[in-house]
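> turn this into a structure:
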Amino acid sequence: MEMIEVWNLKKGYRIARKSTGIMGNLRHLVMPRYDTLEAVRGISFRIEEGESVAFLGLNGAGKSTTIKMLTGILYPDGGRVEVMGIDPTKKRRQLAYEIGTVFGQKEQLWTHLTPYDNFCFFGAIYDLSGGESERRIAELSEIFELSDFINTPVRNLSLGQRIRCEIVASLIHKPKVLFLDEPTIGLDPVVKENIRMLIKQMNRELHTTIFLTSHDIGDIEKLCKRIVIVNSGQIVMDDSMEHLKYHYLNKKIVEVKLQEETALPPTEGITILKQKGSHVRLEVDTSVMKINDALRSIDAEHVEDINISNIPLENIIMEIYRSEGRERAQ
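This is a model prediction of the structure:
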């Protein structure tokens, strides 16, 4: 079942044109002129039930505008959106009963209330009966381990505790689609990992569809099986995480410590990224040269220590952005 369908979606913003000088400013007051910034320029995609999708892009690429149109906050200038067969522009209230949203930089909880009181409030908003709301709060409290602070005012909670409560508040009504915008921003590594595990569990056990935007590569790599990348309001890549890695991971990072400083000869398939004394960092293109051959070329007998790793996902994504930029410039 398709949970999200987007056809040729477009959205622009009117921006006042800047004027210079006193006369220019006076003319602007009387006859203001505007330019149109095309934030989203005809994007289309589909997301199936239970998918976990990362929606990525640089700042200003159109991510937030797209999410706001998917959730009914903004109306598109062109194209069409359906979330679970519902048009957000026409039936936003109905859609709200089917989706959950978590925005890491925007609070939805009342800070002077306890998490428990907040959850009861959200249960009432979504027309849950008292008994159903209590059962749901108890279930989610156990899953997200809230018992130690569920009756503490939200303003007194740590950031990690608050984010867990934000996610619980968005899940009270059992949404079928969860929109996550930077859900782990500002959290320490241990709390981040706990949040990710809980989201993965929810996706796996409840088949909740996950739509994630994040600048945290750990969120993307551990939560999502598909990546959609936007740049300048257009989709530049839509691929599975597995295929993306397979396509780009024909390169390996090799870090070696030699017994003594050695000048390495130029070799096809090997790029020296950094060399300081006896420490060398290389990039090996395994489509040109096998790792074993690369080690032999740097005199493996004199290697004291070695570490071989894949190209970081962050580097892969940046290379996609750079490639797209080069194509636009040509």
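
> mind listing the helices for the stretch 51-200 of the chain?
63-70, 92-96, 115-125, 130-143, 159-171, 189-206 (DSSP state H, counting those that start in this stretch).

> give me the residues contacting the fourth one.
Translated: helix 130-143. With Cβ atoms under 8 Å, 6 or more residues apart in numbering as the test, helix 130-143 has contacts from 116, 119-120, 123-124, 128, 146-147, 150, 168, 171-172, 174, 198, 201. Just so you know, the C-beta spots here come from the backbone N, C-alpha and C atoms, and that holds for glycine as well.

> chain neighbours aside, what residue packs nearest to residue 173?
Closest residue in space to residue 173, ignoring its immediate chain neighbours: residue 126 at 3.8 Å, by Cβ to Cβ, 6 or more residues apart in numbering.

> wait, doesn't that neighbour sit right on residue 172?
Yes: between residue 126 and residue 172 there is a contact at 6.3 Å, judged by Cβ atoms under 8 Å.

> what about residue 191, neighbour count?
17 (other Cβ atoms under 10 Å).

> so the residue lying closest to it once chain neighbours are set aside versus residue 146, what's the distance?
In space, and not counting its chain neighbours, residue 191 is closest to residue 160: 3.5 Å by Cβ to Cβ, 6+ apart. According to Cβ to Cβ, to the nearest Å, residue 160 stands 12 Å off from residue 146.

> neighbour count for these two, which is higher?
residue 146 (21 against 17).

> tell me the spacing between the more buried one and residue 132.
For residue 146 relative to residue 132 (Cβ to Cβ), the value is 18 Å.

> now the contacts of helix 130-143: which count as buried?
116, 119-120, 123, 128, 146, 150, 168, 171-172, 198 (16 or more other Cβ atoms under 10 Å).

> make TSV from these and add pLDDT and distance to residue 3 to it.
Converted to TSV, the buried ones among the contacts of helix 130-143 look like this (pLDDT from 0 to 100; distance: Cβ to Cβ, whole Å):
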residue	pLDDT	distance to residue 3
116	96	31
119	95	25
120	95	28
123	93	24
128	90	22
146	92	28
150	96	31
168	90	22
171	89	16
172	91	19
198	83	20
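
> with distance to residue 85 added, can I get those in CSV?
As requested, those are exported to CSV (distance: Cβ to Cβ, whole Å):
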residue, distance to residue 85
116, 34
119, 28
120, 30
123, 25
128, 23
146, 33
150, 35
168, 27
171, 21
172, 22
198, 28
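
> and which of the residues you listed is nearest to residue 283?
Nearest to residue 283 among the buried ones among the contacts of helix 130-143, counting by Cβ to Cβ, is residue 198 at 36.2 Å.

> from residue 60, how far out is the closest residue to that closest one other than its chain neighbours?
Spatially, and ignoring its direct neighbours in sequence, residue 198 is nearest to residue 144 (6.0 Å; Cβ to Cβ, 6+ apart). Distance of residue 144 to residue 60, given as Cβ to Cβ: 34 Å.

> can you check residue 236 too?
From residue 236 to residue 60 the distance is 14 Å (Cβ to Cβ).

> residue 242 too?
Residue 242 sits 29 Å away from residue 60, going by Cβ to Cβ.

> more neighbours: these two, which one.
Higher neighbour count among residue 242 and residue 60: residue 60, with 13 against 10, using other Cβ under 10 Å.
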